[in-house]
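A.B. asks: Next comes the sequence, and after it the predicted model I'd like to discuss.
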Protein chains: 2
Amino acid sequence: MDFMKPETVLNLDNIRQALVRMEDTIVFGLIERSQFYLSPSVYEVDKFSIPDFHGSFLDWALLQMEQTHSQIRRYEAPDETPFFPTKLLKSILPPINYPKVLASYSDEINVNDEIKEFYINQIVPQVSCHSGDQQENLGSVSTSDIESLQAISRRIHFGKFVAEAKYQSNKEMYKKLILAKDVAGIEASITNSAVEQKILERLIEKGESYGTDPSMKFSQNPQSKVKPELIAQLYKDWIIPLTKKVEIDYLLRRLEDED
Amino acid sequence: MDFMKPETVLNLDNIRQALVRMEDTIVFGLIERSQFYLSPSVYEVDKFSIPDFHGSFLDWALLQMEQTHSQIRRYEAPDETPFFPTKLLKSILPPINYPKVLASYSDEINVNDEIKEFYINQIVPQVSCHSGDQQENLGSVSTSDIESLQAISRRIHFGKFVAEAKYQSNKEMYKKLILAKDVAGIEASITNSAVEQKILERLIEKGESYGTDPSMKFSQNPQSKVKPELIAQLYKDWIIPLTKKVEIDYLLRRLEDED
């Protein structure tokens, strides 16, 4: 999506198309993760004594990458949300000056800690192929986790664009709801159960199609590398609710900003 | 695969299964890359003036990752081949002491420069969705490239295991071929055209199945995100020949090592 054009990035059809494409990335990511062991060593805090660092190996690898990418302005893009916002490095390039699309407090809405928490504790144990560690794969595991975490984070924080688009399309209604701090009203305004149901059905199809070796498709018992129902469940329990949280948090503060 | 057990890692059925699984990773990687622009800025040497560094942003991001992962011994695993072998950092952990499976010179067989070259110059221009740069995506592009490069590198260097397994299964024949420096004979001994043809056919199926949104499958004109023929061509022109090069280079030196 071209983030230089507010009219493109706030067009609801474009947003929906981008969200559908992100599903593929998330499904691929989970399929990739499924070839590896649970690998608790990757997540255990201070399992490896890394000089001048307190945290897990995953945190460390993710931090290195965010610091590297912050130097070419990755986190200036409105659709990128860092896991370590206070530890980014200064860009070696002049700023991009994106046109203002989202409210000025938008960077402060960051649910990445919650994403990391459910990813590690809920998803990894269900997706990984085996318990325990496999020493030679810890690097690949962390790379795969970072891919999935970034894809899930991007999907969830895209709620900011949905929220802004909805706000723009009905300012009067939202002003009333926001002034009344009517969280339930805001939630109702951004919820479309039929669309949510369709997402879940599509995820099951994608899980089957992308997770099954085509040469197995006509065998008696074709098996997907990740249970398609699990991917749908992940969306139902975590991704969709957290996206709504982002949307609601964003809308609740919307009057702080000029129009 | 369990690299701690030589009998597992040199079993040709296990090797084949691993190679088939790696196809999925490579196909996913190319599908992911196809959402981004060509992004020449990522590959242009010294496009960004990074302090104390000479190279492209991709090189820099890849180097940061290899240095991070080298500190937890990623490149001690016999199936991981670094792009910057001379710039790795010392591990913060004691060595793993893998049992000896490959010959002792095995690390010296490294075709990653050739892989990077064909990936950037042959694959990216054909896979990317649009020419030019898209400033806000350079970080995502480099991450996607690193994923694909590592997957392709792992696939090609897996030829070392194939070569060692073949050597073990027919030492007398290989000793003669090696002493005679009979490259054509060695190449003939590791070539199975029927298997190669099957790989190409399977890749086309995978490209169609993984690259097409399932909800589009019954539409009039279902389109895969990456042309399946292109993926097969990539294997035919680059991955299979470079794998053979690795196998031949490995076998030609095999008598340097004890049995």
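C.D. replies: That came in fine, so what should we check first? Numbers count the residues shown, from 1 in each chain, chains lettered A, B, ... in the order given.

A.B. asks: Please count neighbours and contacts with C-alpha atoms only from this point.
C.D. replies: Noted.

A.B. asks: What parts of chain A come near chain B?
C.D. replies: A:2-3, A:25, A:28, A:32, A:48-50, A:61, A:64-65, A:68-69, A:72-74, A:76-77, A:92-93, A:96, A:134-139, A:202, A:205-206, A:209-210, A:213-215 (Cα under 8 Å from any Cα of the partner chain).

A.B. asks: so what's the residue nearest to residue A:201 when sequence neighbours are not counted up against?
C.D. replies: Using Cα to Cα, 6 or more residues apart in numbering or on different chains and skipping the chain neighbours, the partner closest in space to residue A:201 is residue A:232 (7.6 Å). Contacts for residue A:232 were tallied using Cα atoms under 8 Å, 6 or more residues apart in numbering or on different chains; they are A:200-201, A:203-204.

A.B. asks: tell me what the longest helix belonging to chain A is packed against?
C.D. replies: Criterion DSSP state H: the longest helix present in chain A is helix A:12-33. Contact partners of helix A:12-33 among helices and strands, from 3 or more Cα pairs under 8 Å, 6 or more residues apart in numbering or on different chains; DSSP states H and E: helix A:124-127, helix A:138-157, helix A:159-169, helix A:193-211, helix B:12-33.

A.B. asks: residues in contact with the second one?
C.D. replies: By that I understand helix A:138-157. Residues from elsewhere that reach helix A:138-157 (Cα under 8 Å, 6+ apart): A:19, A:22, A:25-26, A:29-30, A:32-33, A:36, A:39, A:41-42, A:57-58, A:61-62, A:79-81, A:110-112, A:115-116, A:119, A:239-240, A:242-243, A:246, B:69, B:72, B:74.

A.B. asks: can you check the fourth one too?
C.D. replies: Residues external to helix A:193-211 that are found in contact with it (Cα under 8 Å, 6+ apart): A:23-24, A:27-28, A:31, A:223-229, A:231-233, A:235-236, B:209-210, B:213-215.

A.B. asks: let's see it at 7 Å
C.D. replies: Around helix A:193-211, the neighbours that count as contacts under Cα atoms under 7 Å, 6 or more residues apart in numbering or on different chains are A:27, A:31, A:224-226, A:228-229, A:231-232, B:209-210, B:214.

A.B. asks: Name the member of the residues you listed with the most neighbours.
C.D. replies: residue B:210 (28 neighbours; other Cα atoms under 10 Å in any protein chain shown).

A.B. asks: Just the pLDDT for that residue.
C.D. replies: On pLDDT, residue B:210 comes in at 96.

A.B. asks: got it, and residue A:50?
C.D. replies: For residue A:50, pLDDT reads 88.

A.B. asks: Could I have the CA atoms of stretch A:3-22 written out in PDB?
C.D. replies: The C-alpha coordinates for stretch A:3-22 follow below in PDB (Å, rounded to 0.1, in the frame of the first residue of the first chain):
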ATOM      1  CA  PHE A   3       1.400   5.300   2.500                       C
ATOM      2  CA  MET A   4       2.200   8.500   0.800                       C
ATOM      3  CA  LYS A   5      -1.400   9.000  -0.300                       C
ATOM      4  CA  PRO A   6      -3.900   9.400   2.500                       C
ATOM      5  CA  GLU A   7      -6.800   8.700   0.200                       C
ATOM      6  CA  THR A   8      -5.400   5.300  -0.700                       C
ATOM      7  CA  VAL A   9      -4.400   4.300   2.700                       C
ATOM      8  CA  LEU A  10      -7.800   5.200   4.300                       C
ATOM      9  CA  ASN A  11      -9.900   3.600   1.600                       C
ATOM     10  CA  LEU A  12     -11.700   0.700   3.300                       C
ATOM     11  CA  ASP A  13     -11.500  -1.600   0.200                       C
ATOM     12  CA  ASN A  14      -7.700  -1.200   0.100                       C
ATOM     13  CA  ILE A  15      -7.400  -1.800   3.800                       C
ATOM     14  CA  ARG A  16      -9.500  -5.000   3.500                       C
ATOM     15  CA  GLN A  17      -7.400  -6.200   0.600                       C
ATOM     16  CA  ALA A  18      -4.200  -5.600   2.700                       C
ATOM     17  CA  LEU A  19      -5.700  -7.400   5.600                       C
ATOM     18  CA  VAL A  20      -6.500 -10.500   3.500                       C
ATOM     19  CA  ARG A  21      -3.000 -10.500   2.100                       C
ATOM     20  CA  MET A  22      -1.600 -10.400   5.600                       C
END
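
A.B. asks: So for it, mean pLDDT?
C.D. replies: Rounded mean pLDDT across stretch A:3-22 is 91.

A.B. asks: next one: stretch A:54-72
C.D. replies: 95.

A.B. asks: buried residues in it?
C.D. replies: Within stretch A:54-72, the residues scored as buried using 16 or more other Cα atoms under 10 Å in any protein chain shown are A:56-72.

A.B. asks: Next: stretch A:130-144.
C.D. replies: Going by 16+ other Cα under 10 Å, stretch A:130-144 has these buried residues: A:134-144.

A.B. asks: For my notes, please list those in CSV and give pLDDT for each entry.
C.D. replies: Shown next, in CSV, are the buried residues of stretch A:130-144 (pLDDT from 0 to 100):
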residue, pLDDT
A:134, 88
A:135, 81
A:136, 81
A:137, 89
A:138, 91
A:139, 90
A:140, 92
A:141, 95
A:142, 95
A:143, 94
A:144, 96
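
A.B. asks: measure residue A:182 to chain B for me?
C.D. replies: In this view, residue A:182 and chain B are 35 Å apart by Cα to the nearest Cα, to the nearest Å.

A.B. asks: give me the number of residues near that residue?
C.D. replies: Counted by other Cα under 10 Å, the residues lying close to residue A:182 total 14.

A.B. asks: same deal with residue A:103?
C.D. replies: Applying other Cα under 10 Å, we find 19 other residues in the vicinity of residue A:103.

A.B. asks: And the pLDDT at the closest residue to it other than its chain neighbours?
C.D. replies: Take residue A:103 and drop its neighbours on the chain: the residue closest to it by Cα to Cα, 6+ apart is residue A:257, 6.0 Å away. Listed pLDDT for residue A:257 reads 92.

A.B. asks: I figured residue A:257 hits residue A:102, correct?
C.D. replies: No. Applying Cα atoms under 7 Å as the test, residue A:257 and residue A:102 come out as separate, 9.5 Å apart.

A.B. asks: Look at the two and report which has more neighbours.
C.D. replies: Shown here are residue A:257 and residue A:102; by other Cα under 10 Å, residue A:102 has more neighbours (19 against 10).

A.B. asks: for the more buried one, what are its contacts?
C.D. replies: Taking Cα under 7 Å, 6+ apart, we find residue A:102 in contact with residue A:164.

A.B. asks: and it, what element?
C.D. replies: Using DSSP states H and E, residue A:102 sits in no helix or strand.
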